[in-house]
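Fold the following.
(one chain, ligands or ions: 2)
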Amino acid sequence: MASESDIPILDFRKSKGVTLEEGSERWKEMSLKIKEAFESHGCFILRCDEISNELREELFTGLKSLFDLPEETKKKFVVPKPYRGYISKSHLIPHSETFGIDNSPKSNSSLQDFTNLMWPQGNPSFCKALSSMTLKTRELSLLVLKMVVEGLNLPQQYNFDVEELNNYNDTRVTKYQLPKDGKDSEVALALHTDKGTLGFICENEVQGLQVVSKTGNYVDVKVPSDGIVVIAGDILKAWSNGRFRAAPHRVVIRGDEERFVFVLFAVPKEGMVIKGPSELVDDENHPLRYRPFIYDEFVHYQHSTRTDESALEKFAGL
Ligand SMILES: O=C(O)CCC(=O)C(=O)O
Ligand SMILES: [Fe+2]
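Ligands and ions are numbered 1, 2, ... in the order given. As a prediction, this is how the structure comes out:
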């Protein structure tokens with residue numbers, strides 16, 4: 001029997017004969033599984049062919065050399081937005097260094113600008129790997145969101161809504177330090193929920209992600225080498241009128257191998273009012289949980305008040 005510590009693994013691999021043509025029976029079955037995973041766990045593990053071993057290798061080789069660059073070079077990457085740019089040794093993330101890169105909706109030019117800033121002589125293979133990861137996860141994100149519409153049995157018109165929820169994407173790359181002072185393990189990223197719509201986490205086979213189950217237990221997420229973790233954020237939770245969980249998660253580092261991750265956050269269109277489908281609201285079982293709100297105002301609230309626990313409930317809860 002499946003227990004709450006079994007994070008569902010959903011297999012999208014064409015190489016294993018999985019075909020997910022929009023509207024087909026298999027598409028509908030998978031959509032239901034995604035819905036159930038977001039309801040019970042707020043996350044799932046996705047296996048797919050799109051992110052090949054070669055691509056992962058190029059990406060993680062590039063990431064290692066990125067974080068090996070001199071501190072003065074890394075510090076050149078400044079972005080005047082919350083949680084973006086190069087962040088290192090901050091009180092929020094004392095055990096990791098991270099780059100938060102903003103991508104404009106329709107181009108990958110900011111990834112190119114980022115690579116050129118870090119390597120003025122260029123680093124085309126890294127730029128290609130980073131762009132390819134971003135593009136592929138962004139496509140997977142739209143696919144997952146369309147399946148959410150199907151899984152929740154909503155009219156097709158909501159496909160426009162989810163496109164807006166997936167309008168913009170932020171790429172984050174992080175290197176976690178090894179536990180210090182002889183400790184066996186260390187919390188390297190504190191417990192939080194992601195503030196956007198969806199997060200796609202791709203790691204270099206060094207495990208460390210933990211999610212909090214419905215009953216409040218920490219569960220280690222064991223990711224297969226070709227797996228990506230898909231986590232619902234606060235926006236998807238609000239849009240689904242609280243039917244989905246935004247899985248609280250943290251990172252615990254153990255052992256002697258460094259963890260590198262690539263994360264793509266899908267975030268709503270600027271100025272989008274987050275107001276879920278009326279079909280998901282009924283007075284008896286599912287009363288309206290959140291007032292309509294603007295995503296950017298939520299992020300601003302969260303960042304300026306440094307509220308993490310229950311930020312969504314405090315900001316928009318009814
Ligand atoms: O390293 C990970 O697995 C998680 C990263 C994460 O949760 C984040 O960047 O928001
Ligand atoms: Fe996160």
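
Name the residues of the stretch 201-318 of the chain found near ligand 1, please.
Counting by C-beta under 6 Å from any ligand atom, the positions of the stretch 201-318 of the chain adjacent to ligand 1 are Ile201, Glu203, Leu209, His249, Val251, Val261, Val263. Every C-beta, even on glycine, is put in place using the N, C-alpha and C of the backbone.

Confirm that Ala159 sits in a strand.
Careful, residue 159 is Asn; it's not Ala. No - assigned with DSSP: H, G, I helix; E, B strand; the rest coil, Asn159 falls outside any strand and is helix.

Quick check: it touching Met147?
No - using C-beta atoms under 8 Å, Asn159 makes no contact with Met147, being 10.6 Å away.

Between those two, point out the one with more neighbours.
Met147 (22 against 15; other C-beta atoms under 10 Å).

Can you tell me the closest non-neighbouring residue to that one?
Spatially, and ignoring its direct neighbours in sequence, Met147 is nearest to Ser31 (4.0 Å; C-beta to C-beta, 6 or more residues apart in numbering).

Which pLDDT value goes with Val261?
On the pLDDT scale, Val261 is placed at 97.

if I pick Gly271, what's in contact with it?
Going by C-beta atoms under 8 Å, 6 or more residues apart in numbering, Gly271 touches Ile294, Asp296.

so where does it fall, helix or strand?
Under the assignment given by DSSP states H and E, Gly271 is not contained in any helix or strand.

ok, it to Phe126 distance?
For Gly271, the distance to Phe126 equals 33 Å [C-beta to C-beta, to the nearest Å].

swap in Leu209?
Counting by C-beta to C-beta, the gap from Leu209 to Phe126 is 24 Å.

likewise Arg291?
In terms of C-beta to C-beta, Arg291 sits 43 Å off from Phe126.

So which of the two has more stuff around it?
Phe126 (21 against 12).

nearest spatial neighbour of Glu58, skipping sequence neighbours?
That would be Ala129: by C-beta to C-beta, 6+ apart, it lies 3.9 Å from Glu58.

tell me the contacts of that neighbour?
So Ala129 contacts Leu55, Glu58, Leu59, Gly62 (C-beta under 8 Å, 6+ apart).

quick revisit: what distance separates the helix or strand hosting the residue nearest to Met147 from the centre of its chain?
According to DSSP H and E, Ser31 maps onto helix 25-40. Mean-position distance between helix 25-40 and its chain equals 18 Å (C-alpha atoms, centre = their mean, to the nearest Å).

And the helix or strand following it, what does it pack against?
Proceeding N to C from helix 25-40, the next assigned helix or strand is strand 43-47, under DSSP H and E. Where contact means 3 or more C-beta pairs under 8 Å, 6 or more residues apart in numbering; DSSP states H and E, strand 43-47 is packed against strand 9-11, helix 25-40, strand 227-232.

give me the beta-bridge partners of the most centrally placed residue in the chain?
The chain has Gly199 as the residue nearest its centroid, 1.2 Å off, counting by C-alpha atoms, centre = their mean. Gly199 has the following beta-bridge partners by DSSP bridges: Ile231, Phe265.

Is it in contact with Val230, as I believe?
Yes - the criterion here is C-beta under 8 Å, and Gly199 meets it with Val230 at 7.3 Å.
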